[in-house]
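In: next come a sequence and a model predicted from it.
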Amino acid sequence: MVQLKVDAGIRGTSDFLQQAALEPDSINKSFKGCSIVKKTYLVRLLLAMVLLLTTVLTACSQGNGNDPGTGADGNGNDQGNNGTEQVVKLDIMQSASGLPSPDKDFILAALNEALNVDINMTTYGSPDDYQSQLNIRMSSTNLPDMFSLNKAQLQQYQAQDILLDLTPYMDNELKVVKQFLGEDTLKKGMIDGKLYAIPKAPGIPSMSLWIRKDWLDNLKLEVPKTVDDFFEVAKAFVERDPDGNNENDTIGLTGTSLSTFAPFYGSFGTVNPGEFYVKDGKVVNSLYDPEIRDALAYFRKLNEAGVVDPEIMANTGLVHQEKAIKGQAGIIFIDWANMSKNEFVEQIKTVNPNAEWIQIHSPEGPGGNYANSFDIGNAGTMFAIPKSLEKDKDTLNKVFELLNYVSEGEGSRLVQFGIEGKHFNIEGDQVVATELMAQEAGYSWLYQFTGRPEVEYLKVKFADQAEYIDFASTLPRIEVLNGFLSYPEGYNPADADRYLEEEFTKFVYGLRPLEEYDAFLETMENTMNYKLYVDSAIEQLNALGYGN
Amino acid sequence: MATPVLEKPRKGMLKWDIGRRIWQYRVLYIMLLPGIVYYILFKYLPMYGVIISFKDFRIMEGIMASPWADPWNKHFLTFFESPYFYQLLRNTILISVYKLIFGIVPPILMAILLNECRVRWFKSLVQTLTYMPHFLSWVIIYGILIALLSQTSGLVNTWIKDMTGSTIPFLTSPTYFRSLLVTSEIWQNLGWGAIIYLAAMSGIDTTLYEAARVDGASRLRMIWHITLPGIRSVIVMLFILNLGHIMDAGFGQIYVLYNLQVYSVADIIDTWVFRTGLQQMNFSLASAVGLFKSVIGFVLVLASNRIAKKWGEGIW
């Protein structure tokens, strides 16, 4: 493809060159005595320059190279057209990581064969990267045939009229997908009653507090039950040398940014700052809960006692997990996967064979022992199809076919577990994993465009982790509704979020007295337009049937 | 009647003259061509995109078809009316000015030291080592900074803890954050900046040094009276060019390094635009802010050149 481009580029520019050469020619006529030799020399020089330029230009336009429309029936592949059905190229883009190279990707190969397609999957690890790549491709109107997006992106792209309205297809072409997901899940991908993106089947909560059982044993402490116990234990982890190395080098609680404190809001009967939930039959925003001040006071107490990792704000990615694995921290708020998957258990045991991490309930406080809140409106990752594909029926139908295929039976098992007989066997009506599945099929979720039947899936795939999965998913949680909301015009979430997080950090770190909480709320409402958002949010949620 | 007859050939002569001179130096002109094409393609043509700052840009409709903003300065107002506007402006200018001022002397010193170094292999070794960091991405430098300054595992903080018993939150404290930005930036560009000065120094007439040596000048005297005045115009030029970028305080660096606790001293216009404009697909806002920044930069360059000219050192 690229080779072709370069050729075309040179041909194109050589036309230009001829024109350009005409001009020196006409100049030439007025200057007698300039020989033809010199002219060809000039042309050669020009050619060299233009060649250089062409490479630059092709480098820029390479993105257009995999345009699906021209890609399949371009001049590039003349062979393989004899009689067989045309292989349709599908360009899929998503924000994810862990995709193996195409030659090692057996799921890709199986999908290509089953559907007679040529899937080109591109993934971007960082959400920011993904967003900018997507934006670039949008502005060059060279959209992938299917791409992942989150709720905010869904709203933005829909407002830009980029997405294909899938509603008319749901009862025919996408019937299988509809059966698999159900009406309730599909609602998450809807805007004004029209479906613009296909949400994944709902997940289950996976986060909980984890604690070093062996440290507790070393210090002869019990698993903390109440918020006060928790404080004492965390303090002991810092001060009483739980790892017994006679050095003052341990951290109590670690985490990333303000989410470090997420498991404790429930102890006070509230949820993360800024989240909406139904309380006594009414939709409320947690910022207005009096309990949130008690929670803040508690965080401050933890901080002042020095039990919180001083670097939570600088911890990005999985730095906190690293600290836990390295034996620096004794308590962490994290999902089961990042602590109990075999690879991590192995790492933990390599650092210290005696290390033993266990999950615990959020400590009991005045508001109960709810774990971190669970957003039931959160659609997570969804997949959308660009409107431009409407004209390209062949490709569109293949995308539909792909979505249906991964939603039931054989195709669904392929993207969940891998290849039958190799990665799993069917015994009776049970899917049983082979050893190879854990080793090779870890990335299969990248192809689960419509999600998966979560509970059965995890039980097969993570048979070893079943108890941890169960624990995290059955913790009592307050359900929040932010996932259903869209932002009203005139409200800048970037400014408001920054102010909210910044001030919460100040409250937690004692840089602003808690007595100023009312003043904080006032600034939130007046300067940051928060009132506008809250009013609109309550209205939206009431319309959806919450808090009536 | 005589006049037109006289004028005609003269005009023709002039035209012919320019044409001939271009032809005479055609190789140089051709070498100039890629530069001109580059500027037209990547600097001048994109300028037409500036109009999206006055429109409600929609990707699928393209620049021309997108509706005009109502009022026309809507996106500029969004920026000016942000509760963080003054803080952003202040941070941007302060960080820039710090970088500009503290960034002038170290590369000059470096260049002088390298210039005076008589051991060739050592000179090239140091030069190579010091300009390497210029090619490191900020993500990597952040990794290095963590390894050095982290409170739980950083080398520097381990020493500080051994000596004083407590640690210093270099990465998360508003007190240290700007200094961290400035020093890491200077460190990154020390060797790179020195290259230009070294080149300027190699252009100084060596007879000047010989004459000074005959007069009994010491090395320091020679640096002060020959080397420094010799590169003065380059120093002024770089300063003026950098002034044009005063509204660019270093997005890549700050975006990688900053965190919640230092927003108040580190959030600059570009990071705000990234969060508010680009991440929410408000390209019109992003472009309006870009225009605002460019205008300020442009005015500053013009003004500083005017002033420099008074001292006899302008760029043009």
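Out: Everything's here; your move.

In: so where's the chain shaky on pLDDT?
Out: With no chain named, the answer covers chain A. A:1-85 (pLDDT under 70).

In: meant chain B actually
Out: In the predicted model, chain B carries pLDDT under 70 at residues B:1-15, B:60, B:278-279.

In: spatially central residue for it, please.
Out: Central residue of chain B (Cα atoms, centre = their mean): B:Asn242, 4.6 Å from the mean position.

In: show me what contacts that residue?
Out: Contacts of B:Asn242 were listed using Cβ atoms under 8 Å, 6 or more residues apart in numbering or on different chains, and they are B:100, B:103. Every residue, glycine included, has its C-beta placed from N, CA and C.

In: what do you get for B:Val301?
Out: B:Val301 sits next to B:240-241, B:243-244 when contact means Cβ under 8 Å, 6+ apart.

In: give me the buried subset of those.
Out: Among the contacts of B:Val301, those buried by neighbour count (16 or more other Cβ atoms under 10 Å in any protein chain shown) are B:240, B:243-244.

In: could I get those residues as a markdown table with secondary structure and distance to A:Asp243?
Out: Below are those laid out as a markdown table (DSSP: H, G, I helix; E, B strand; the rest coil; distance: Cβ to Cβ, whole Å):
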| residue | secondary structure | distance to A:Asp243 |
| --- | --- | --- |
| B:Ile240 | helix | 58 |
| B:Leu243 | helix | 54 |
| B:Gly244 | coil | 55 |
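
In: for the closest residue to chain B within the stretch 151-300 of chain A, give me its contacts.
Out: Relative to chain B, the nearest point of the stretch 151-300 of chain A is A:Gln156 (4.5 Å; Cβ to the nearest Cβ). Going by Cβ under 8 Å, 6+ apart, A:Gln156 touches B:280-281.

In: beyond the one helix or strand it maps to, next helix or strand please.
Out: A:Gln156 is part of helix A:151-159 when elements are defined by DSSP states H and E. Of the helices and strands lying after helix A:151-159 in sequence (DSSP H and E), the nearest is helix A:175-186.

In: packing partners for whatever helix or strand comes next after that following helix?
Out: Per DSSP H and E, the first helix or strand lying C-terminal to helix A:175-186 is strand A:190-191. Other elements packing on strand A:190-191 under the criterion 3 or more Cβ pairs under 8 Å, 6 or more residues apart in numbering or on different chains; DSSP states H and E are helix A:151-159.

In: can you list the buried residues in the helix it packs on?
Out: Buried residues in helix A:151-159, counted by 16+ other Cβ under 10 Å: A:151, A:153-158.

In: likewise stretch B:260-271?
Out: By 16+ other Cβ under 10 Å, the buried positions in stretch B:260-271 come out as B:260-263, B:265-271.

In: just put these in JSON lines and tack on distance to A:Asn338 and secondary structure.
Out: Converted to JSON lines, the buried residues of stretch B:260-271 look like this (distance: Cβ to Cβ, whole Å; DSSP: H, G, I helix; E, B strand; the rest coil):
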{"residue": "B:Leu260", "distance to A:Asn338": "22", "secondary structure": "helix"}
{"residue": "B:Gln261", "distance to A:Asn338": "24", "secondary structure": "helix"}
{"residue": "B:Val262", "distance to A:Asn338": "27", "secondary structure": "helix"}
{"residue": "B:Tyr263", "distance to A:Asn338": "27", "secondary structure": "helix"}
{"residue": "B:Val265", "distance to A:Asn338": "32", "secondary structure": "helix"}
{"residue": "B:Ala266", "distance to A:Asn338": "29", "secondary structure": "helix"}
{"residue": "B:Asp267", "distance to A:Asn338": "30", "secondary structure": "coil"}
{"residue": "B:Ile268", "distance to A:Asn338": "33", "secondary structure": "coil"}
{"residue": "B:Ile269", "distance to A:Asn338": "36", "secondary structure": "helix"}
{"residue": "B:Asp270", "distance to A:Asn338": "33", "secondary structure": "helix"}
{"residue": "B:Thr271", "distance to A:Asn338": "28", "secondary structure": "helix"}
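
In: pick the one among these closest to B:Pro67.
Out: Comparing those against B:Pro67 with Cβ to Cβ places B:Ile269 closest, at 26.1 Å.

In: from A:Leu134, how far off is the closest one?
Out: 24 Å (Cβ to Cβ, to the nearest Å).

In: coming back round to it: same for chain A: which of the buried residues of stretch B:260-271 are within range?
Out: The residues of the buried residues of stretch B:260-271 that also fall near chain A, by Cβ under 8 Å from any Cβ of the partner chain, are B:260-261, B:263, B:267.

In: the stretch 301-450 of chain A: helices as residue ranges?
Out: Secondary structure of the stretch 301-450 of chain A by DSSP state H, counting those that start in this stretch: the helices cover A:319-325, A:337-340, A:342-351, A:393-405, A:409-417, A:435-440.

In: tell me the most buried of those?
Out: helix A:319-325 (a mean of 22; mean count of other Cβ atoms under 10 Å in any protein chain shown).

In: restricting to C-alpha, output that helix in CSV.
Out: Listed next in CSV are the C-alpha coordinates belonging to helix A:319-325 (Å, rounded to 0.1, in the frame of the first residue of the first chain):
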residue,chain,number,x,y,z
VAL,A,319,2.7,2.4,41.2
HIS,A,320,0.7,1.6,44.3
GLN,A,321,0.4,-2.0,43.3
GLU,A,322,4.2,-2.1,42.9
LYS,A,323,4.6,-0.7,46.4
ALA,A,324,2.4,-3.4,47.8
ILE,A,325,4.2,-6.2,45.9
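
In: and it, how far out from the chain middle?
Out: Taking Cα atoms, centre = their mean, to the nearest Å, one finds helix A:319-325 lying 21 Å from the centre of the chain it belongs to.

In: in stretch A:93-112, what's buried?
Out: A:93-96, A:99, A:105-108, A:110-112.

In: again, but for stretch A:207-221
Out: In stretch A:207-221, counting by 16+ other Cβ under 10 Å, buried: A:207-216, A:218-219, A:221.

In: show me the contact partners of that stretch.
Out: A:222-224, A:232-233, A:236-237, A:240, A:242-244, A:262-263, A:324, A:330-336, A:339, A:354-362, A:371-372, A:471-472, A:475.

In: what parts of the stretch 101-250 of chain B come near chain A?
Out: B:146, B:150-153, B:167, B:169, B:171-172.

In: please list only the buried members of the residues you listed.
Out: B:146, B:150-153, B:167, B:169, B:171-172.

In: restrict the helix or strand hosting A:Lys89 to CA atoms and write it as CSV.
Out: Using DSSP H and E, A:Lys89 maps to strand A:88-95. Output of strand A:88-95 as CSV, limited to C-alpha atoms (Å, rounded to 0.1, in the frame of the first residue of the first chain):
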residue,chain,number,x,y,z
VAL,A,88,-13.7,-7.4,3.6
LYS,A,89,-11.2,-5.4,5.6
LEU,A,90,-12.4,-4.2,9.0
ASP,A,91,-10.6,-1.5,10.7
ILE,A,92,-11.1,-1.6,14.5
MET,A,93,-9.7,0.8,17.0
GLN,A,94,-9.9,0.7,20.8
SER,A,95,-8.4,2.1,23.9
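
In: which strands or helices does whichever helix or strand comes after that strand pack on?
Out: Next helix or strand after strand A:88-95 toward the C-terminus (DSSP H and E): helix A:106-115. Using 3+ Cβ pairs under 8 Å, 6+ apart, the elements in contact with helix A:106-115 are strand A:117-124, helix A:393-405, helix A:409-417.
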